[in-house]
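Novice: Everything below, folded, please.
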Amino acid sequence: MDAHRLQRSFAVVRSHGDRAAQHFYAFLFVAYPELRDLFPVSMAGQREKLLQALGHVVSHADRLDQALPYLEGLGRDHRKFSVVGAHYAQVGQALFATLEHFLGERWTPDLAAAWESAYGEVSGIMLRAAEHAARSQPAWWTADVLEHERRGTDLAVFTVRPTMPLHYRPGQSVSLECALRPRVWRLLSPANTPRADGTIEFHVRAQPGGELSPALVHQLREGDQVRLGAPVGRRLTLTPGGGRDLLLIAAGTGLAPMRALAEQVEVEAGAGVPPRSVHLFLGARGVPDLYDLPTLRGLEAAHRWLTVVPVTPEDHGGDDVLGAALRTARLAEREVYVCGPPALTGYAHGALAAAGVPERQIHIEEYDGGRYLPSPMPAAVNAVR
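Specialist: Below you'll find the model as predicted:
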């Protein structure tokens, strides 16, 4: 595989930005109009996801083994969009037509052969992963909404129960779709460790201009159904069986996976595992935004190993949540987990490293207001479909 040649040619196409993605989908829907129903009504965000995913794959063309988890995750995840084997060839035709259109005379038979070979290898990895996953799990799980509670003007906490067992680890994410916004999926992290009754709690804030989150906050009701994708992500998971003490840093609905991790420590302690010391720092714009504080205080009251520290602009001498957390005792001896908006995650890694926390002990979850990005694998969820 001539990786550099593929990367140079894709860079030319990528420079055309949204026009390239528009051409790709126009070709795909004209050639195969039946595929349009697999996509959301609005394609604006979809086009950027396509370019991001292609860029990620092409950038790893010279070390495809490193992109293997990403590609396998992409293949498994696309099952929930009703993608089947025949669609890979159709998508390939649209890709090659787009490359030819924007490369013009530079689209030679040799370059076309190189792209066809690379696409065949990539699509083969995805298809095999999808076929393997189909042997052990459904393409999606249907779940009933049991409770839906508004906690403020733009935030809701709701509980669902899948109709089939859905196994996940605290700190992972699952994608969610509902009939209110068909074919629009968003990654959310469960706020609880797996329960005996199978229920899962989600926290969601309505994002301005968001495709799905406003509907989940303002329109979703008890009795509705949602669909859930397979669990993804590893960055925020704990190794079972105990280990280092924990420092959990969250802001906004980034609290959800942090609370699930605290509950995992609770479950393990109940099973006889020596409990870790857990310090949970929760940042909020003000006291009304500490929407789950009563639940956290209940956990804290029940367990001496847990300390919950809410941080608002009026607290801690004006420090933000990260600044307050950096003063935790024995900081460099702890595993540190961070989840929240870019204002937190964007500089948390550097600040923690500067404070002496070893790289291997820093676990950061990114959240961009529209989706969680729990690992390189699910970063391209919704990418090609």
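
Novice: low-confidence ranges in this structure?
Specialist: Within the chain, the segments meeting pLDDT under 70 span 1, 316-318, 366-385.

Novice: Repeat the analysis, applying 50 as the threshold.
Specialist: 367-385 (pLDDT under 50).

Novice: Mind naming the longest strand for the protein?
Specialist: strand 141-150 (DSSP state E).

Novice: Go through that strand and flag the buried ones.
Specialist: 141, 143, 145, 148 (16 or more other CB atoms under 10 Å). All C-beta atoms are positioned from the backbone trio N, CA, C, and that covers glycine.

Novice: Arrange these in JSON lines, one row each, with distance to residue 78 as further columns.
Specialist: Below are these laid out as JSON lines (distance: CB to CB, whole Å):
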{"residue": "141", "distance to residue 78": "16"}
{"residue": "143", "distance to residue 78": "20"}
{"residue": "145", "distance to residue 78": "25"}
{"residue": "148", "distance to residue 78": "29"}
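
Novice: Report the contact partners of residue 249.
Specialist: 258, 281, 283, 321-322, 325, 336-340, 344, 348 (CB atoms under 8 Å, 6 or more residues apart in numbering).

Novice: on that earlier part again, adjacent strands (with direction) for the longest strand of the chain?
Specialist: strand 155-162 (antiparallel), strand 225-228 (antiparallel) (DSSP bridges).

Novice: Contacts for the first one, please.
Specialist: In this structure, residues lying in contact with strand 155-162 by CB under 8 Å, 6+ apart are 141-151, 191, 197-206, 216-217, 220, 226, 228, 253, 289, 291-292.

Novice: if you set the cut-off to 6 Å instead, what comes out?
Specialist: 141, 143-151, 198-205, 217, 291 (CB atoms under 6 Å, 6 or more residues apart in numbering).

Novice: swap in stretch 85-95?
Specialist: With CB under 6 Å, 6+ apart as the criterion, stretch 85-95 contacts 24, 27-28, 32, 119, 123, 127.

Novice: can you tell me which of those lies nearest to residue 44?
Specialist: residue 24 (14.0 Å; CB to CB).

Novice: what helix or strand does that closest one sit in?
Specialist: helix 18-31 (DSSP states H and E).

Novice: give me phi/psi at residue 310?
Specialist: Main-chain torsions, residue 310, degrees, to the nearest 10: phi -70, psi 140.

Novice: With residue 312 instead?
Specialist: phi -120, psi 170.

Novice: Surely it touches residue 286?
Specialist: Yes. The criterion here is CB atoms under 6 Å, and residue 312 meets it with residue 286 at 5.5 Å.

Novice: which of those two has more neighbours?
Specialist: residue 312 (17 against 9; other CB atoms under 10 Å).

Novice: Mind telling me what element residue 192 is part of?
Specialist: Assigned by DSSP H and E, residue 192 falls outside every helix and strand.

Novice: check contacts around it.
Specialist: 201, 260, 263.

Novice: ok, now how distant is it from residue 356?
Specialist: Using CB to CB, to the nearest Å, residue 192 is found at 32 Å from residue 356.

Novice: What is the burial count for residue 76?
Specialist: 23.

Novice: okay, now the closest residue to it other than its chain neighbours: neighbour count?
Specialist: Distance criterion CB to CB, 6 or more residues apart in numbering; nearest residue to residue 76, sequence neighbours excluded, is residue 133 at 4.3 Å. Using other CB under 10 Å, residue 133 has 18 other residues around it.

Novice: and residue 133, what element?
Specialist: Residue 133 belongs to helix 109-134, assigned by DSSP H and E.

Novice: Tell me which entries of the contacts of residue 249 lie within helices.
Specialist: 258, 321-322, 325, 344, 348 (DSSP state H).

Novice: Using PDB, list the CA coordinates for the helix holding residue 24.
Specialist: C-alpha atoms of helix 18-31 as PDB (Å, rounded to 0.1, in the frame of the first residue of the first chain):
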ATOM      1  CA  ASP A  18     -17.900  20.200   2.700                       C
ATOM      2  CA  ARG A  19     -18.200  20.200  -1.100                       C
ATOM      3  CA  ALA A  20     -16.400  16.900  -1.200                       C
ATOM      4  CA  ALA A  21     -18.800  15.300   1.300                       C
ATOM      5  CA  GLN A  22     -21.800  16.800  -0.600                       C
ATOM      6  CA  HIS A  23     -20.500  15.200  -3.800                       C
ATOM      7  CA  PHE A  24     -20.000  11.800  -2.000                       C
ATOM      8  CA  TYR A  25     -23.600  11.700  -0.700                       C
ATOM      9  CA  ALA A  26     -25.100  13.100  -3.900                       C
ATOM     10  CA  PHE A  27     -23.600  10.300  -5.900                       C
ATOM     11  CA  LEU A  28     -24.500   7.700  -3.300                       C
ATOM     12  CA  PHE A  29     -28.200   8.800  -3.100                       C
ATOM     13  CA  VAL A  30     -28.600   9.200  -6.900                       C
ATOM     14  CA  ALA A  31     -27.000   5.800  -7.600                       C
END
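
Novice: Report the residue ranges of every domain in the chain.
Specialist: 3-136, 141-228, 246-373 (automatic domain parsing).

Novice: Quick check: most distant residue from the centroid of the chain.
Specialist: Distance to the chain centre peaks in the chain at residue 105, reaching 39.4 Å (criterion: CA atoms, centre = their mean).

Novice: Can you classify that one by secondary structure?
Specialist: Put simply, residue 105 is helix when judged by DSSP: H, G, I helix; E, B strand; the rest coil.

Novice: roughly how far apart are it and residue 255?
Specialist: Distance from residue 105 to residue 255, by CB to CB: 55 Å.
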